[in-house]
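A.B. asks: next comes the sequence, and after it the predicted model I'd like to discuss.
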Amino acid sequence: METNLILEGFKFMGLGMGTVFAFLIIMILSINIMASVLHKFFPEPQANTTTPSTDTKNDNSKVIAAISAAITHHREG
């Protein structure tokens, strides 16, 4: 009763790799189905396509002022 250990090793390797491959395929399919269901019931909000107003300039000046104050505070110690 001689068994070829190399052949048995390849059988187990194929079985293991096949199991992992099947699991990954099932996982990817379930994630895609879940994403499509979520997009159906909870669609993403549409982006506002109007032109930005002058509020953006005020917001940028506030950000610049905050950054400048932070740098000054950091340099002082």
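C.D. replies: Yes, it's here. Numbers count the residues shown, from 1 in each chain.

A.B. asks: how far is the lowest-mean-pLDDT helix or strand in the chain from where the chain is centred?
C.D. replies: Among the helices and strands of the chain, helix 55-76 carries the lowest confidence by mean pLDDT, DSSP states H and E, at a mean of 85. In terms of CA atoms, centre = their mean, to the nearest Å, the centre of helix 55-76 is set 31 Å apart from its chain centre.

A.B. asks: pLDDT weak spots in the chain?
C.D. replies: By pLDDT under 70, the low-scoring segments of the chain are 1, 50-58.

A.B. asks: scan it for its longest helix.
C.D. replies: For the chain, the longest helix by residue count, based on DSSP state H, is helix 5-41.

A.B. asks: give me the contact list for the least confident helix or strand of the chain.
C.D. replies: Helix 55-76 has contacts (CB atoms under 8 Å, 6 or more residues apart in numbering) with no other residue. Where you see a C-beta, it was placed from the backbone N, CA and C, and this is true even at glycine.

A.B. asks: for it, output the C-alpha coordinates as CSV.
C.D. replies: Once non-C-alpha atoms are left out, helix 55-76 reads as follows in CSV (Å, rounded to 0.1, in the frame of the first residue of the first chain):
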residue,chain,number,x,y,z
ASP,A,55,-18.7,83.3,1.1
THR,A,56,-15.9,81.1,-0.1
LYS,A,57,-13.4,84.0,-0.1
ASN,A,58,-14.5,84.9,3.5
ASP,A,59,-14.0,81.3,4.5
ASN,A,60,-10.6,81.2,3.0
SER,A,61,-9.5,84.4,4.7
LYS,A,62,-10.7,82.9,8.1
VAL,A,63,-8.7,79.7,7.4
ILE,A,64,-5.6,81.7,6.5
ALA,A,65,-6.0,83.8,9.7
ALA,A,66,-6.3,80.7,11.8
ILE,A,67,-3.3,79.1,10.2
SER,A,68,-1.2,82.3,10.7
ALA,A,69,-2.3,82.5,14.4
ALA,A,70,-1.3,78.8,14.9
ILE,A,71,2.1,79.3,13.3
THR,A,72,2.7,82.4,15.4
HIS,A,73,1.6,80.6,18.6
HIS,A,74,3.9,77.7,17.7
ARG,A,75,6.9,79.9,17.2
GLU,A,76,6.3,81.7,20.4
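
A.B. asks: sounds good, over and out.
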